[in-house]
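**Q** Pasting the sequence and the predicted coordinates here, then a few questions.
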Amino acid sequence: MSLNTLVKISGVNNLSDARYCAGMGAAILGFCPEADHPDYVDPGKFKEITGWVQGVKVAGEFYNSSIEQIHEIVAEYNFDFLQVADPGLVAEVSGLQKPVIYQVDLNLTDNIEEVRDQFERLKDLTLFFIIEGRNIKPEWIKLTGKLADKFPVLTGVDITGQNVTGILNEYNFHGLSLKGGSEIKPGYYDFGMLAEILELLDAGD
């Protein structure tokens with residue numbers, strides 16, 4: 001299956017998630033290597049999971065690590081991309097010779113102009129930007145769409161099966177950033193909204 005836009009799945013922490021998303025056509029799977037994060041995946045489990053999936057790239061998702069910690073962690077994982085949520089780390093992380101993704105959570109900032117300024121400063125060091133958020137003000141969705149006119153942006157802002165087609169048609173987003181499925185009980189996963197969105201993006205080839 002192939003999708004009609006680039007899709008990155010964040011917070012992948014199990015084989016079922018990885019195989020399902022890769023099979024549905026996701027281009028990038030994100031793994032968090034920070035031990036204190038709920039989606040943490042240790043080096044052994046990361047190697048096991050990625051050994052079962054083909055045709056996708058993998059990103060290391062860093063939220064709270066220092067540059068020194070990132071250096072140590074990267075040595076234990078074979079990431080294709082490095083994603084950070086601290087704009088101050090982008091330049092330093094780019095020195096690790098991996099393409100950098102910068103992620104912004106709009107639930108943690110109320111200043112969209114500051115986000116624009118960050119993107120402008122970091123555009124030459126960043127492969128693309130991710131904007132995420134839940135229950136965002138409607139006008140902010142339009143503003144993120146304007147950012148996509150100038151910068152390569154993946155959006156994860158209030159994406160649902162009901163609005164995904166309209167958002168992609170209306171704005172020039174580089175793609176989507178979606179969250180992996182949740183475990184209902186050991187071995188069983190609810191891909192509900194994620195499955196609905198991915199099926200709507202089926203390119204039909």
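**A** Yep, that arrived. Residues are numbered from 1 along each chain as shown.

**Q** Tell me if I am right that Gln118 is in a strand.
**A** No - counting by DSSP: H, G, I helix; E, B strand; the rest coil, Gln118 falls outside a strand, being helix.

**Q** count of residues packed around it?
**A** Per other Cβ atoms under 10 Å, the neighbour tally for Gln118 reads 18. (Each C-beta comes from the backbone N, C-alpha and C, glycine too.)

**Q** residue contacts, it?
**A** By Cβ atoms under 8 Å, 6 or more residues apart in numbering, Gln118 lies in contact with Pro87, Tyr102, Val104.

**Q** possible to save those as CSV with neighbour count, distance to Ala75 and pLDDT?
**A** Shown next, in CSV, are these (neighbours: other Cβ atoms under 10 Å; distance: Cβ to Cβ, whole Å; pLDDT from 0 to 100):
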residue, neighbour count, distance to Ala75, pLDDT
Pro87, 18, 24, 95
Tyr102, 25, 22, 98
Val104, 24, 27, 96
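
**Q** From the residues you listed, pick the one nearest Ala35.
**A** The shortest gap between Ala35 and any of the contacts of Gln118 belongs to Tyr102, at 22.6 Å (Cβ to Cβ).

**Q** Got the phi and psi for that closest one?
**A** phi -110, psi 130 (degrees, to the nearest 10).

**Q** Same question for Leu122.
**A** Torsion angles, degrees, to the nearest 10, at Leu122: phi -100, psi 0.

**Q** and if you look at Leu178?
**A** Torsion angles, degrees, to the nearest 10, at Leu178: phi -120, psi 160.

**Q** That one is in contact with Val12, isn't it?
**A** No - counting by Cβ atoms under 8 Å, Leu178 stays clear of Val12, with 10.7 Å between them.

**Q** which residues in the chain form strands?
**A** Counting by DSSP state E, the chain has strands at residues 6-10, 28-31, 57-62, 81-84, 100-105, 128-133, 153-157, 175-179, 182-185, 188-190.

**Q** quick check: angle from the first one to strand 175-179?
**A** Read that as strand 6-10. Going by axes from the mean of the first three to the mean of the last three Cα atoms, to 10 degrees, strand 6-10 is angled at 20 degrees with respect to strand 175-179.

**Q** All set, thanks.
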